[in-house]
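# My questions are about this predicted structure, shown below with the sequence.
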Amino acid sequence: MSDEQRLESWKEIGTYLKKDLRTARRWEKEEGLPVHRHTHKSRASVYAYPSEIDAWRVSRKIASEPAPARPLWKIPAFALTMALCLVMVGNGIRPQVASAQGAGPSARRVWSPGGYDLVSIDGRYAPFTDWELKGIGVHDFETGANLHIATGDADGESPVLSPDNSLVVYTYFDRARNGFVLRLANVRGDPRPRDLIKGEPAGYVLAKGWTPDGKQVLFTEEAKDGIWQISLVPVADGTRHVLKSLKWGRPEASISPDGRWIAYSTPAEGQPNSDIFVLAADGS
């Protein structure tokens with residue numbers, strides 16, 4: 001692989017994939033696109049190997065066999081629909097036919113930002129990187145408006161909203177410290193961000209969610225020795241609490257709605273597929 005010509009930027013990686021750079025960044029974060037990073041004194045750079053991308057493409061084409069068909073009356077949603085129809089008929093109410101007879105489910109585009117991150121818990125907002133205005137944007141699905149948070153961080157990415165939608169945490173490359181940090185900013189009010197985690201910056205770091213009380217942030221972090229960690233950090237004091245260290249591959253992680261459990265996926269050494277694990281959020 002040392003003789004293989006590398007793709008030396010997000011633009012080259014996107015061109016190889018025949019996608020724009022935002023799609024390439026999203027695939028790296030959400031679907032495990034194999035991208036490597038170098039940190040330098042003035043900036044961070046990325047690179048990738050075409051052979052690794054080709055292998056990743058092949059692994060994504062592996063599809064599981066379809067589940068055996070179930071009788072319609074055994075499907076809960078169908079059974080509930082039939083029960084409601086019977087109740088409506090019994091009460092003399094006739095359900096209206098939607099659109100046209102036999103019309104199937106339809107979809108409509110409500111917003112096209114070119115990629116966004118985790119939707120808020122209540123489903124109303126979607127945070128995104130505001131590349132043009134150098135900050136973080138929050139799209140409101142109810143009104144259709146975009147709110148700009150003037151953090152001044154042109155390289156901020158992967159924002160995640162707090163449960164009450166008052167705060168946003170995001171990844172930022174700190175040139176002065178030559179590493180990646182998590183930053184925290186107010187959605188409304190004073191937008192000046194502050195670093196969330198105490199100590200040295202990481203090789204790479206990503207926020208994955210918040211505890212239900214909004215007091216801690218779940219994140220994954222690549223140490224500069226290549227070891228990935230899953231951690232929680234209290235918003236109040238910024239002291240990281242490492243829950244799991246992993247040698248192989250970047251994990252995906254999510255916290256349960258009650259805040260008690262963390263599910264994460266990680267590939268086994270040399271394998272294209274991942275396994276899913278669950279651990280207690282208190283580290284036990």
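Received the coordinates, thanks.

# Pull the residues that contact stretch 10-24.
Contact partners of stretch 10-24, identified using Cβ atoms under 8 Å, 6 or more residues apart in numbering, comprise Leu7, Arg25, Trp27, Leu33, Val35, Val46, Ala48, Pro50, Ile53, Gly114, Gly115. Glycine gets a C-beta too; all of them are placed from N, C-alpha and C.

# same check, this time on stretch 45-62
By Cβ under 8 Å, 6+ apart, the list of residues contacting stretch 45-62 reads 1, 4-10, 13, 16-17, 31-38, 272-273.

# Which among the contacts of stretch 10-24 count as buried?
Leu7, Arg25, Trp27, Leu33, Val35, Val46, Ala48, Ile53, Gly115 (16 or more other Cβ atoms under 10 Å).

# pretty sure the fourth one is touching Trp27, no?
Read that as Leu33. Yes. Checked against Cβ atoms under 8 Å, the pair Leu33 and Trp27 is within contact range at 4.2 Å.

# Other residues contacting stretch 124-131?
Counting by Cβ under 8 Å, 6+ apart, stretch 124-131 makes contact with 111, 113, 115-120, 136-142, 146, 148-149, 154, 156-161, 165, 168, 170, all of which sit outside it.

# Also stretch 133-142?
When contacts are taken as Cβ under 8 Å, 6+ apart, the neighbours of stretch 133-142 outside the stretch itself are 110-111, 113, 116, 123-130, 145-154, 156, 159, 161, 165, 168, 170, 185, 187, 191.

# Show the buried residues in those residues.
Judged by 16+ other Cβ under 10 Å, buried ones among the contacts of stretch 133-142: 116, 125-130, 149, 151, 153, 156, 159, 161, 165, 168, 170, 185, 187, 191.
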